[in-house]
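Asks: Provide a 3D model corresponding to the input given below.
(one chain, ligands or ions: 1)
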Amino acid sequence: MKEKIYDILIIGGGVAGMTASIYAKRRNKSVAIIEPYVLGGQLFQIEKIENFPSYASITGYELLENFQKQIESLSIEVISDEIVDVEFENIKKLVGKKQSYFAKSVIIATGLSHNKLGKNEDEFLGRGTSYCVTCDANFYQGQTVAVASKNGSGVLGAVELADICEKVFLLDSGNMNKYAEHCPKKNIEVLSNVQIEKLIGDKKLESVELKGGEIIPTSALFVELGKKPQTEIFKGILELDGQGYILTDDRMETSVKGVFACGDIRANTLKQLVVACGEGAVAGNFA
Ligand SMILES: Cc1cc2nc3c(=O)[nH]c(=O)nc-3n(C[C@H](O)[C@H](O)[C@H](O)COP(=O)(O)OP(=O)(O)OC[C@H]3O[C@@H](n4cnc5c(N)ncnc54)[C@H](O)[C@@H]3O)c2cc1C
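Replies: A predicted model of the protein is given here:
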């Protein structure tokens, strides 16, 4: 049987991939999104969004429902599979766990995952735990918050929070004594060589317990332990930056002709919903 060759295949069904599919489909291209889970990506983890233009406030789930309705109304094909290998010749081959897929152009929108603390932080997702300072700092205006950090990974987040929150505990598992001496913000308290044991609270986060028993009262724990771009399968094939994010030109085209990337997976971009949508639009259009 002859394999179907799509005009455009999109790897990843977060907001970047979904937006790219809308633009491609409206140009009358044969297009499909390949996603191993339900469409939505990181949207599933967002309790409340207050920086998506045109919505003063919307939940991640509500925004996701809107996206899903639009994808359905345009009859965009969604394939349930995970891509595990790629061959980017003139016709691009995507090897899934279930089967292989072929396309003239490919859009990579595989997003990122946040490194976890590995304690009980997910119990408090949307109720104190956050993986995104830019997204959630405003919810804790004038309050005391904490940042989980490793060898300074949380410094930038702590400084951003210090402008909005009354007090910020920077809880770092490494030695941050030098930074503590020169910390530019008076309301940041740096604790070096500390391990977070558990998060404590009833309906919302109230404190974190450190190894040794010390209790730090806090309304939020921002987990700033780094991010992992989902680019393992593109190593050695596409040009990546030092952290593993995909480099593109202004049209979102990667170092390989006909292969595009958009959203959180892209290098040098603000990891936010509206940006991922904008980049998805550009990729969907030029692909
Ligand atoms: C807790 C939290 C709160 C946030 N709050 C906000 C906010 O208030 N405002 C805001 O603007 N932004 C917020 N963000 C950031 C925002 O969610 C992201 O910038 C945005 O969702 C990125 O979308 P994306 O499509 O690029 O990637 P993702 O949403 O990460 O989607 C990538 C998709 O690709 C799929 N995928 C990965 N690998 C493969 C593969 N090999 N094959 C097939 N599919 C694959 C994944 O399953 C996933 O569905 C928040 C993020 C988090 C985690």
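
Asks: Smallest gap between the stretch 101-250 of the chain and the ligand, at which residue?
Replies: Nearest residue of the stretch 101-250 of the chain to the ligand, counting by C-beta to the nearest ligand atom: Gly111, 2.0 Å away. C-beta: built from backbone N, CA, C; applies to glycine.

Asks: Please parse this structure into its domains.
Replies: What automatic domain parsing lists as the domains of the chain is 5-113+227-286, 116-224.

Asks: Quick one: those as JSON lines, columns for mean neighbour count and mean pLDDT too.
Replies: JSON lines is the format used below for the domains of the chain (neighbours: other C-beta atoms under 10 Å; pLDDT from 0 to 100):
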{"stretch": "domain 5-113+227-286", "mean neighbour count": "19", "mean pLDDT": "96"}
{"stretch": "domain 116-224", "mean neighbour count": "18", "mean pLDDT": "95"}
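
Asks: With Leu225 as the reference, measure out to Ser173.
Replies: Per C-beta to C-beta, to the nearest Å, Ser173 is found 9 Å from Leu225.

Asks: what is in contact with the two at once?
Replies: Jointly contacting Ser173 and Leu225 under the rule C-beta atoms under 8 Å, 6 or more residues apart in numbering are 149-150.

Asks: Dig out what the residue most central in space within the chain forms beta bridges with.
Replies: The residue lying closest to the centre of the chain (C-alpha atoms, centre = their mean) is Leu112, at 4.6 Å. When assigned by DSSP bridges, Leu112 has beta-bridge partners Pro229.

Asks: My read is that it contacts Gln243, right?
Replies: No - counting by C-beta atoms under 8 Å, Leu112 does not reach Gln243; the two are 9.9 Å apart.

Asks: Overlap in contacts, these two.
Replies: Pro229.

Asks: SS state for the closest residue to Leu39 other than its chain neighbours?
Replies: Distances taken as C-beta to C-beta, 6 or more residues apart in numbering place Gly13 nearest to Leu39, at 4.1 Å, with adjacent residues excluded. Three-state assignment for Gly13 (DSSP: H, G, I helix; E, B strand; the rest coil): coil.

Asks: The closest residue to the ligand within the stretch 151-287 of the chain: what's it in contact with?
Replies: Per C-beta to the nearest ligand atom, Gly263 is where the stretch 151-287 of the chain lies closest to the ligand, at 2.2 Å. Contact analysis of Gly263 by C-beta under 8 Å, 6+ apart lists 12, 14-17, 109, 111, 269, 275-276, 279-280.

Asks: Okay then, goodbye and thanks.
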